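Asks: sequence plus predicted model, see below.
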Amino acid sequence: MPLVNFSDLEFSQIKDSIKDYLRANSNFTDYDFEGSNLSTIIDTLAYNTYITSYNANMVTNEVFIDSATLRENVVSLARNIGYVPRSKKAAYANVTFTVDASATTAVTVTLKAGSVMTSTSTQTNKSKNFIFSILNDITVPVNSSGQAVFSDIKICEGTYITQPYTVDGSNPNQKFILPNTGIDTGLLSVVVKDTKDSTVKKKFTLFDSLFDVNASTRAYFLQEIGNENYELLFGDGVFGEKLQDKNYIEASYIVTSGPSANSIERFKFIGNLESNNGDIISSKVSVISTEQKSIGGKNIESVASIKKYAPQIYASQNRAVTAADYEALIPKIYPEAESVSAFGGEDLTPPLFGKVFISIKPYNGIFLSSSIKENLQAAIKRYSVAGILTEIVDLKYLYIEADSEVYYDTNNAPSKTSVQDTVTKSVVRYADSIELNSFGARFKYSKFQNIVDNSSDAVTSNITNISVRRDMAAQLNTFAEYELCFGNRFHVKNHGHGAVYDGTLVGYNIKSSGFQVAGINGTVYLGDKATGDLTRGSLFLFRLNSPSEPIIVKQNIGTIDYKKGEIKLNPINIISTQVNRNTPLVEVSAAPYSNDVIGLQDLYLQLDVNNTTVDVIQDNIASGNDISGSNYIVSPSYTSNVLVRGTPVTTVPELSTTNIATTNPTSRLSTSTSSSSSSSSSSSGY
C-alpha cells in the first residue's frame with residue numbers, strides 16, 4: 001500500500017500513516033509497533049517528515065507578499081514591484097540662540113554641520129539624553145552689537161555620520177551599503193568627487209523612478225536590504241550618470257531614535273562654531289530658546305503597511321485614476337501623511353463628476369497648510385490623467401464619546417478607584433490604536449465593551465452609551481451658513497409627538513454647547529424636531545428656564561437629515577461661544593442609529609477620551625452581598641434626557657413675546673416664526 005495521503009501534517013497523523021503503510025506489508029505482519037524498537041524508528045521518520053512539512057509550508061508562505069511574515073522577505077517582494085518602504089524618521093525641533101562675538105573681529109559665524117544640541121530632559125525617557133544635529137553648515141552675520149543670532153534653526157535628532165566609498169572599476173559587483181540601522185533616508189545627502197583629493201563636489205539626487213532620468217542625470221536610487229540597512233544604486237550611463245573608477249562618494253545621513261525623541265523642549269549647546277577667520281568660538285553662547293519642541297519622529301514602516309501599500313502602488317502604475325490610486329500615491333508623494341482618504345465627486349449629493357476629493361491627516365498637526373496643499377496639487381498633476389480635477393479638502397474630525405457604567409466584584413478588587421483606573425487605561429489604549437484615528441475606521445461597539453470587560457478580573461459587565469460629536473467652527477460677528485456631516489445615521493426618539501408628551505420631553509435628538517446670537521439675549525442652544533416620516537426635521541434655537549425646561553426663541557433656523565446624519569444651518573450671526581479651543585466652537589452631538597460608527601469619506605474618526613466617562617458600580621450579586629438582587633443598581637441602556645452639552649446656562653433675561661414659543665404640555669414644536677435671511681458665507685465644522 002503506497003503512502004498517498006500527503007494532507008496530514010500533524011505528528012500523530014504522520015506516525016499513524018507510516019504504521020498503516022507498514023502493516024500493509026507482509027514482512028511486518030507480526031510486529032508490535034508500540035513496544036518494539038521499530039516504534040522509535042517510526043517516531044524519527046514522523047518527526048523528520050513533520051519538520052520537512054513545516055519548513056515547506058513556511059517557505060511557500062514567504063514566497064508571496066500577502067502571506068510572508070519575515071521583514072526581509074516582504075521587503076524583497078516589495079522591491080520586485082518597485083516599492084521602497086519608508087525609513088525611520090528623525091524628530092526635529094526649532095531653536096534660537098545668540099553667540100557673543102564682540103570680543104573677536106568676526107564678520108560672520110558658522111555653525112558647523114554635525115551634532116549641535118543635546119536634550120537635558122525628555123518626557124519619554126528622562127534617563128536618556130538625545131543628540132540633535134544639523135545636516136549643513138549655517139552661517140549668520142555678526143550685527144552691530146557683536147551678536148550672531150541663529151534664529152529658528154531646524155535641528156534633527158540623531159547622530160550625524162558621513163560614510164565614504166571609493167569606486168572600484170575592477171569590481172563589477174561592488175555594492176555601496178549604508179552600514180547603520182535607523183537611518184532617516186529623507187535626510188540622506190550624496191555627493192561625488194572625481195577623486196578623494198578633488199575639491200569639486202557633484203550632488204546627486206534621489207529618484208524613485210526612471211521618469212525624467214537621462215544619461216546625464218545625477219541620480220541615485222535607494223533600496224532596503226536585510227537588517228533594515230540600505231544600499232545606494234547609481235546610473236549605468238543610459239539611465240543616470242555612470243560613476244567612473246576612483247570616484248569618491250560621500251553619503252551623509254542621520255541615525256535616529258525615531259519616536260522616542262518626540263516632545264523634547266529643553267536643549268544644551270554642544271556644537272562647533274567658527275568665525276570667518278577660521279577661529280574657533282567656544283564660549284558665550286546664550287540660553288537656548290525652543291521655538292518648537294521636537295516632533296515628527298516615527299518608526300520604520302511596518303510589515304503590515306508594506307503589505308498594504310506595495311501592491312496598491314504597483315497597481316496604480318504611477319498614474320492616478322481611481323480614488324484608491326490617490327490613496328496609495330499620496331503617502332509616496334507626502335511621507336508626512338498619517339492617513340489619507342480619497343473619494344470621487346460622484347459619491348456626493350449632488351454629484352460632482354470628474355472631481356476627486358482628497359483629505360489628509362498629517363502626522364504632526366491637524367490640517368495641512370496652504371503652501372503644502374499647493375505643493376501637493378502640483379505633485380499630483382504628474383500622476384493625474386486628463387479630465388480629472390483634484391481638490392484637497394481639510395479633514396473633519398468625528399469624535400466618539402462613550403459613557404460606561406462598569407460593574408465590578410468587590411471580592412476581586414482592592415478598591416473602586418483601582419478598577420476605574422484600570423478600565424480607563426484600557427480605554428485610552430484603544431483610543432490610541434490603529435483601529436481608530438484614520439479615515440474609513442470603524443468604532444466596534446462590541447469590541448469596546450469586550451475591552452472594558454477584560455480590562456480587569458473584577459469587572460463583571462458594563463452598560464455603555466455612545467454619542468458622536470462634530471465641532472462647528474463659528475465665524476463670529478458674520479452671517480454664515482453652516483453644515484455638519486456626521487456620515488452616520490442619527491437615532492430619533494421623537495415619535496411625532498409635541499415637545500412634551502405624557503409628561504416626557506421628546507424631540508431634542510441633538511445636543512449643542514451654548515452660544516450667543518445677534519438679536520437674541522442670553523445663551524442659546526440648538527434643538528430639533530422630526531417631521532414627516534422621521535427621516536428629516538427642522539432646527540430651532542432655545543434657551544433654558546431650568547436644565548429640563550427649554551424655551552424656544554426662534555424656529556426654522558435650519559434642517560436636519562437624520563438618515564444621512566447632516567445638519568444645515570441657515571445664515572446666522574454667532575457673536576460668542578461657550579467653547580473655545582484656540583477657535584470659537586459650537587459642539588454638536590447626537591446618539592447614532594448604530595453603535596458601530598464609521599469614519600465616512602473625509603471624516604477622521606477619534607475616540608475622545610476627554611469626554612468619555614467611566615463610572616464603576618459595585619455588583620452586589622456577583623460579590624454575594626445581595627443574592628436576591630433586591631438592591632441591584634440599574635444603569636440605563638439609553639442616552640439621558642439632558643438637553644444641552646456642558647454646564648446648562650439657565651439665566652433667562654426679560655424677553656418680549658415676539659418670536660418666542662414656550663414649551664409646555666399643550667404646545668407643539670411645529671409652532672413656527674419667521675426668520676430673516678441675509679447674504680452669507682458658508683462654513684463647515686471640523
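Replies: Now that the structure is in, tell me what you want to look at.

Asks: residues contacting the closest residue to L210 other than its chain neighbours?
Replies: When the adjacent residues along the chain are set aside, L210 lies closest to F239, with 5.3 Å between them (Cβ to Cβ, 6 or more residues apart in numbering). C-betas here are computed from N, CA, C, even on glycine. Counting by Cβ atoms under 8 Å, 6 or more residues apart in numbering, F239 touches L210, V213, N214, A215, T217, A219.

Asks: try L541
Replies: Residues near L541 by Cβ under 8 Å, 6+ apart: V517, I520, V524, Y525, L526, G527, I552, V553, K554, I557.

Asks: mind listing the helices for this structure?
Replies: 11-23, 38-62, 71-80, 303-316, 323-333, 370-380, 416-431, 445-454, 620-623 (DSSP state H).

Asks: out of those, indicate the one that is most buried.
Replies: helix 323-333 (a mean of 21; mean count of other Cβ atoms under 10 Å).

Asks: now that one: average pLDDT?
Replies: Taken as a whole, helix 323-333 has an average pLDDT of 80.

Asks: what inclination does that helix have with respect to helix 370-380?
Replies: Relative orientation of helix 323-333 versus helix 370-380 (axes from the mean of the first three to the mean of the last three Cα atoms, to 10 degrees): 120 degrees.

Asks: distance between helix 323-333 and the chain's centre?
Replies: 16 Å (Cα atoms, centre = their mean, to the nearest Å).

Asks: now the angle from it to helix 303-316?
Replies: 120 degrees.

Asks: now stretch 207-217: average pLDDT?
Replies: What stretch 207-217 shows for mean pLDDT is 84.

Asks: any idea how far apart the tips of it sit?
Replies: Stretch 207-217 has an end-to-end distance of 10 Å (Cα to Cα, to the nearest Å).

Asks: over to stretch 94-107?
Replies: End-to-end span of stretch 94-107 (Cα to Cα): 25 Å.

Asks: tell me how far the residue nearest to L210 lies from L232.
Replies: Distance of F239 to L232, given as Cβ to Cβ, to the nearest Å: 15 Å.

Asks: check T390 too.
Replies: 34 Å.

Asks: so between these two, which is more surrounded?
Replies: For T390 versus L232, the count of surrounding residues by other Cβ atoms under 10 Å is larger for L232: 20 against 17.

Asks: out of the contacts of L541, which are inside strands?
Replies: Mapping those onto strands (DSSP state E) picks out V517, Y525, L526, G527, I552, V553, K554, I557.

Asks: can you redo those as TSV with neighbour count, pLDDT and distance to K307?
Replies: Listed next are those as TSV, based on neighbours: other Cβ atoms under 10 Å; pLDDT from 0 to 100; distance: Cβ to Cβ, whole Å:
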residue	neighbour count	pLDDT	distance to K307
V517	18	91	52
Y525	27	92	48
L526	25	90	45
G527	26	88	49
I552	22	88	56
V553	25	89	57
K554	21	89	55
I557	21	90	50
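
Asks: ok, so of the residues you listed, who is nearest V140?
Replies: V517 (52.2 Å; Cβ to Cβ).

Asks: contacts only, for that closest one.
Replies: Listed by Cβ under 8 Å, 6+ apart, the contact set of V517 reads V524, L541, I572, N573, I574, I575.

Asks: can you give me the pLDDT of the nearest residue to E224 once chain neighbours are set aside?
Replies: Nearest residue to E224, sequence neighbours excluded (Cβ to Cβ, 6+ apart): V75, at 5.0 Å. On the pLDDT scale, V75 is placed at 89.
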